[in-house]
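Enquirer: here are the coordinates; sequence isn't available:
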């Protein structure tokens, strides 16, 4: 999160922020102000994007509330989504009182370890398995008929 905080400072703070950073061969990184989060704190979206068949796809997107804690700001995740395979998860699925602690912990841990969004990603999505799906063989009708 230190790098994200530095980028936010370089672009002049969170208010009305839209930072789109190209760093080939990696995917474009976008950090943007998305208004207010589910608990009323300032919120940002951090995402890598790629284009597939003309559609813009997140790979992935993670949204944070910027929660003041003492002399610093804590980046608390509240939403995760990814285009391929399609995944959408919210920490506060039914409003601020319905906090999913398990999901929040998982997103926080992946953010800290860099496994979710903050690792450098290849500039294109992973190759798909293009093997044909095997067809089921039809049973041959039995010539034996019961009388």
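Expert: Perfect, I can see it now. A quick note: this is a predicted structure, and the numbers were derived from the prediction, not measured.
Enquirer: got the buried residues for the helix or strand harbouring residue 3?
Expert: Using DSSP states H and E, residue 3 falls within helix 2-10. For helix 2-10, burial by neighbour count (16 or more other Cβ atoms under 10 Å) applies to 4, 8. C-beta: built from backbone N, CA, C; applies to glycine.
Enquirer: what mean pLDDT does that helix have?
Expert: Taken as a whole, helix 2-10 has an average pLDDT of 91.
Enquirer: same for it, what does it pack against?
Expert: Judged by 3 or more Cβ pairs under 8 Å, 6 or more residues apart in numbering; DSSP states H and E, helix 2-10 is in contact with strand 18-21, strand 28-36.
Enquirer: residues in contact with the longest one?
Expert: In this case it means strand 28-36. With contact meaning Cβ atoms under 8 Å, 6 or more residues apart in numbering, strand 28-36 is reached by 4, 7-8, 11, 14-23, 42-50, 63.
Enquirer: how much does the worst-scoring helix or strand of the chain on mean pLDDT deviate in direction from helix 2-10?
Expert: Least confident element among the helices and strands of the chain, by mean pLDDT, DSSP states H and E: helix 101-113 (a mean of 80). Angle, helix 101-113 to helix 2-10, by axes from the mean of the first three to the mean of the last three Cα atoms, to 10 degrees: 80 degrees.
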